[in-house]
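Okay, sequence plus prediction incoming.
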Amino acid sequence: MSLNGFDVASYQAGMNVGEAAVDFVLVKATEGIDYTNPEFNGHAKQTWSAGKKLGVYHFIRNDSDIKKQANYFLTTVKPYIGKAMLVLDFENTTGSTIQNQAGVGLAKQWLDYVYQQTGVRPVLYTGISCENSLDWSSVVNANYGLWIAQYNNYNIVDGYQPRDLYGNLKHWKAAVMFQYTSTGRLPGWNGNLDFDVFYGDKSAWDKYAKATKAVEPKLAGPKWVKEKKTYTLKTAVKLRTAPSTSASVIAVLPAGSMVRTDQAIIQGGYRWVRQPRSNGYAYMATGPASNTLEYVK
């Protein structure tokens, strides 16, 4: 069994999505740390009040802190957490969107943080070329589902006409959902719609929306302290997407490299410093907590 639906953003201003012939609606909520879709509240309420299945998504950017982006999203969609599918929109385009392998680590950081904070396991949205060209094994292994996009052409599609994917997935065994056209049309709305098919029934959708683990209470822990400093590496050191030895590696800096930092913390048995970057931050261990300057001078 499958469900038919569409996703909306500010382009569908004025549309009452709750009145549409649809099983589900996915609504853009936020982008970065300072943009909220002005139609979000209205479209989300219309969908929910009409008894349709709801999804809410965040468009990730590479020019702002990932944790701040996740918190901004969670604050905006708070009334629907546990009721709506949570989605991360990963676009492989230009400008301030994410285009390379380092972006996979940032995406996983967002997914992990949202899961940690809500107990709801989010779904990743991306295009088939991006799924094929980047290494998504860390995201797949963490059991995050895939909403895949792939268009055959831009001809008008009147009513829902789900089709098979052109091409093959490289990393996921199967997709949760498929966006198969950006030029769908439904009675009552004279503009284009992105048509999607969800591979499951309503109870399957609810499983994606509900928490799968209890959220642990927040405990007081180590705090970041300001530290504007330049380090010279004694040996090769890994830059990571988070202050953890299990976080994805952004780059390996050779001995002699200089790293400018703005904050530091002792966490997980290591002393970490934060490096501001054009696309957010990178994190580097300066050494074990017992010898905090083992790798640098």
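That came in fine, so what should we check first? Numbers count the residues shown, from 1 in each chain.

quick one: the nearest residue to residue 264 once chain neighbours are set aside and residue 263, what's the gap?
Spatial nearest neighbour of residue 264, chain neighbours left out: residue 227 (4.2 Å); criterion: CB to CB, 6 or more residues apart in numbering. For every residue, glycine as well, the C-beta is placed using N, CA and C. Residue 227 is 6 Å from residue 263, where distance means CB to CB, to the nearest Å.

which neighbours do those two share?
Both residue 227 and residue 263 are in contact with residue 273, where contact means CB atoms under 8 Å, 6 or more residues apart in numbering.

Looking only at neighbour counts, state which of the two leads.
A side-by-side neighbour count of residue 227 and residue 263, using other CB atoms under 10 Å, places residue 263 first with 19 against 12.

That one and residue 128: what is the separation?
From residue 263 across to residue 128, the span is 39 Å (CB to CB).

do residue 43 as well
In terms of CB to CB, residue 43 sits 26 Å off from residue 128.

Give the residue from these two that has the larger number of neighbours.
Comparing residue 43 with residue 128 by other CB under 10 Å, the one with more neighbours is residue 43, at 26 against 19.

ok, for the more buried one, nearest residue in space, not its chain neighbours?
Using CB to CB, 6+ apart and skipping residues adjacent in sequence, the residue nearest residue 43 is residue 27, 4.6 Å away.

which ones are touching the one you found?
Contacts of residue 27 by CB under 8 Å, 6+ apart are 7-9, 17, 37, 39-40, 43-44, 47, 54-57.

10 Å - rerun?
Applying CB atoms under 10 Å, 6 or more residues apart in numbering, we find residue 27 in contact with 7-9, 12, 17, 37, 39-48, 54-57, 77, 80, 84, 87.

any low-confidence regions in the protein?
92-100, 215-221 (pLDDT under 70).

max-length helix in the chain?
The residue-count maximum for a helix in the chain (DSSP state H) belongs to helix 101-118.

which helices and strands does it pack with?
Under the contact definition 3 or more CB pairs under 10 Å, 6 or more residues apart in numbering; DSSP states H and E, helix 101-118 sits against helix 66-76, strand 85-89, strand 123-127, helix 128-133, helix 137-141, strand 237-240, strand 249-253, strand 280-288.

and these, which is most packed in?
Using mean count of other CB atoms under 10 Å, the stretch among these with the greatest mean number of neighbours is strand 85-89 (a mean of 25).

Please state the offset of that strand from the chain centre?
Here the centre of strand 85-89 is set off from its chain's centre by 6 Å, with CA atoms, centre = their mean, to the nearest Å.

Render the CA-only coordinates of that strand in PDB, please.
C-alpha atoms of strand 85-89 as PDB (Å, rounded to 0.1, in the frame of the first residue of the first chain):
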ATOM      1  CA  MET A  85       7.500  13.300  10.200                       C
ATOM      2  CA  LEU A  86      10.700  15.400  10.700                       C
ATOM      3  CA  VAL A  87      12.800  15.800   7.500                       C
ATOM      4  CA  LEU A  88      16.100  17.400   6.600                       C
ATOM      5  CA  ASP A  89      16.300  18.900   3.100                       C
END
